[in-house]
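Colleague: coords please:
(chains A, B, C and D)
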There are 2 protein chains.
Amino acid sequence: MNAEALSDELLGRSIRPTALRILILRTMKEMDCAASLSDLEERLVTVDKSTIFRTLTLFLAHHIVHAVDDGTGAMKYAVCRPGCRCGEEGEDDLGDLHTHFYCEGCHHTFCLRGLPVPVVTLPEGFRLHTANYVLKGLCPECAARAAARTPEAH
Amino acid sequence: MNAEALSDELLGRSIRPTALRILILRTMKEMDCAASLSDLEERLVTVDKSTIFRTLTLFLAHHIVHAVDDGTGAMKYAVCRPGCRCGEEGEDDLGDLHTHFYCEGCHHTFCLRGLPVPVVTLPEGFRLHTANYVLKGLCPECAARAAARTPEAH
DNA sequence: TTTTTCGTGCAACGCGGTTGCAAAAACGGC
DNA sequence: GCCGTTTTTGCAACCGCGTTGCACGAAAAA
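Modeller: Have a look, this model is predicted:
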């Protein structure tokens, strides 16, 4: 993805498109799964941790990325797709929060964008604001690898 | 709850019922919501953090408590009710994992024991192992308090 | 009793996240 | 372009939660 398109995307969200912000956004777009702060640190060795952190905070506030707590202790961030209404959750409307899947094999966290988070009926009096729904198990690749290692257990 | 009953409960799970373990179990049972390590530290000032931590780890391994990651950064622990099958999740069977609710007003995390976590149908290839489902919003008390403060917004 | 195992407290560490501060860069008026 | 102001960035340090190593004391086993 070229820099101009990314720059325009940032401008569209009222974010000044600095070189680092474009770089960080591009890096996140190139990943097929949600990235933690350390993941990004690893790929962007020249960029300071606090800069990445502040950039993520900024992106979050402008709904250019969303955050998932997958239970690993490190927050994961993924760029929103066009039309994502994350951050607009409210009563009877969870925006389009989707399900996330944490693979216990490769430790990657995936956005299952097709799957909206199911909503249960809360007991009387509770008021719902948002939700975090994370499924855990094995992703297709890891499941296949596990099956290959122990074929008898099909 | 008296010490003998708690002691028997621990013995039933093959845990040696020391004075501290009984104390910690009793403290957790007295709480109406899930407790973090710091919550317990606060109530049990005489007991060392690492002891509470190791006790919780032990209780977890013996399925006497279950843990919830409510996204606050601190794990929450709640004693299992009789018949709880936590830790026995597997394919097509999530044990009786239940929904948890985090109140953004009072920062308490509640077990909604009547509500099993909903399961969505995963894309081809994914293998489900367990799930974490946390709803966030206001508990009845905080919702009532908020409504009282801004009555026009009923 | 002696030996061994287990439980506990203390101190320290590690990691993820967060903040204060100062230098560098970008912006805006002239 | 030049200068003052604002914004962005890097560095260092800090915080909280979880975790571990170690040593001592208590309890169980021999």
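
Colleague: Could you tell me which other helices and strands the lengthiest strand in chain A packs against?
Modeller: Using DSSP state E to define each element, chain A has its longest strand at strand A:127-138. On a contact count with 3 or more CB pairs under 8 Å, 6 or more residues apart in numbering or on different chains; DSSP states H and E, strand A:127-138 meets strand A:98-103, strand B:127-138. C-beta coordinates here come from the backbone N, C-alpha and C atoms, glycine included.

Colleague: nearest to A:E9, of those strands?
Modeller: strand A:98-103 (20.4 Å; CB to CB).

Colleague: The closest residue to A:K49 other than its chain neighbours and A:A35: what is the separation?
Modeller: Distances taken as CB to CB, 6 or more residues apart in numbering or on different chains place A:E41 nearest to A:K49, at 5.5 Å, with adjacent residues excluded. As judged by CB to CB, to the nearest Å, A:E41 and A:A35 stand 10 Å apart.

Colleague: Surely A:R16 forms part of a strand?
Modeller: No: counting by DSSP: H, G, I helix; E, B strand; the rest coil, A:R16 is not found in a strand; it is coil.

Colleague: ok, it - contacts?
Modeller: A:R16 makes contact with A:L10, according to CB atoms under 8 Å, 6 or more residues apart in numbering or on different chains.

Colleague: Spatially, what comes nearest to the most centrally placed residue in chain A if we skip its sequence neighbours?
Modeller: Central residue of chain A (CA atoms, centre = their mean): A:A78, 2.7 Å from the mean position. Using CB to CB, 6+ apart and skipping the chain neighbours, the partner closest in space to A:A78 is A:A34 (4.1 Å).

Colleague: same deal with A:L58?
Modeller: A:I15 (6.4 Å).

Colleague: cool, A:G105 as well?
Modeller: A:C142 (3.0 Å).

Colleague: count of neighbours near that neighbour?
Modeller: By the criterion of other CB atoms under 10 Å in any protein chain shown, A:C142 has 19 neighbours.

Colleague: same deal with A:T51?
Modeller: As a burial measure, A:T51 scores 15 neighbours (other CB under 10 Å).

Colleague: repeat for the one 5 residues further on
Modeller: The burial count assigned to A:L56 is 21, neighbours taken as other CB under 10 Å.

Colleague: State the mean pLDDT of the host helix or strand of it.
Modeller: A:L56 belongs to helix A:49-61 when assigned by DSSP states H and E. For helix A:49-61, the mean per-residue pLDDT is 97.

Colleague: Could you list every helix and strand in contact with whichever helix or strand comes after that helix?
Modeller: For helix A:49-61, the following helix or strand on the C-terminal side (DSSP H and E) is strand A:65-68. On a contact count with 3+ CB pairs under 8 Å, 6+ apart, strand A:65-68 meets helix A:49-61, strand A:76-79.

Colleague: quick one: which of the ones you listed is nearest DNA strand C?
Modeller: Among those, the nearest to DNA strand C by CB to the nearest atom of the strand is helix A:49-61 (3.2 Å).

Colleague: Three-state assignment for A:H107, please.
Modeller: coil.

Colleague: now it: how far from A:S38?
Modeller: Look at A:H107 and A:S38: by CB to CB, they are 12 Å apart.

Colleague: do A:M31 as well
Modeller: Between A:M31 and A:S38 the computed distance is 13 Å (CB to CB).

Colleague: So for the two, which residue has more residues nearby?
Modeller: Between A:M31 and A:S38, A:M31 has the larger neighbour count (other CB under 10 Å), namely 15 against 11.

Colleague: so who does the more buried one touch?
Modeller: Neighbours of A:M31 in contact, by CB under 8 Å, 6+ apart: A:D39.

Colleague: quick one: pLDDT of A:H154?
Modeller: pLDDT recorded at A:H154 is 48.

Colleague: Sorry, wrong one. I was asking about A:V117.
Modeller: Note for A:V117: predicted pLDDT of 87.

Colleague: Could you find the closest non-adjacent residue to it?
Modeller: A:Y133 (4.1 Å).

Colleague: Contact residues of chain A facing DNA strand D?
Modeller: A:15-16, A:18-21, A:46-51, A:54-55 (CB under 7 Å from any atom of the strand).
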